[in-house]
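Student: sequence first, then the predicted structure:
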Amino acid sequence: MALRGELLSNQGKVSLDQFKMNQQVFLTKWLSKRGEMSQSSACSLLPSGFYR
């Protein structure tokens, strides 16, 4: 039973990470669409590890 609860909480964490990732992708797309903002400013909003 404990294992099942652990599994569920892990799944919740994964979906939360996925949600954050989707938000970042959406934000980047929105920024690039919104106008000719320089790509560097869009990159600076995201964590540096995102672009490795």
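Tutor: Looks like it came in fine. The shown structure was predicted, so the numbers you read here are calculated from the model rather than taken from an experiment.
Student: averaged pLDDT, the lengthiest helix in the chain. What do you get?
Tutor: For the chain, the longest helix by residue count, based on DSSP state H, is helix 2-34. The average pLDDT within helix 2-34 is 80.
Student: so what secondary structure elements neighbour it?
Tutor: Using 3 or more Cβ pairs under 8 Å, 6 or more residues apart in numbering; DSSP states H and E, the elements in contact with helix 2-34 are helix 39-45. For glycine as for every other residue, the C-beta is placed from the backbone atoms N, C-alpha and C.
Student: and the helix it packs on, average pLDDT?
Tutor: Helix 39-45 shows a mean pLDDT of 57.
Student: returning to that earlier point: buried residues in the longest helix of the chain, which are they?
Tutor: Neighbour-count burial for helix 2-34 flags 28, 31 (criterion: 16 or more other Cβ atoms under 10 Å).
Student: any idea how far Asn10 is from Asp17?
Tutor: 11 Å (Cβ to Cβ, to the nearest Å).
Student: er, Arg34 I mean
Tutor: Noted for Arg34: a distance of 36 Å to Asn10, by Cβ to Cβ.
Student: with Gln18 instead?
Tutor: 13 Å.
Student: same question for Gln24.
Tutor: Distance from Gln24 to Asn10, counting by Cβ to Cβ: 21 Å.
Student: go on, Leu31?
Tutor: Going from Leu31 to Asn10 by Cβ to Cβ gives 32 Å.
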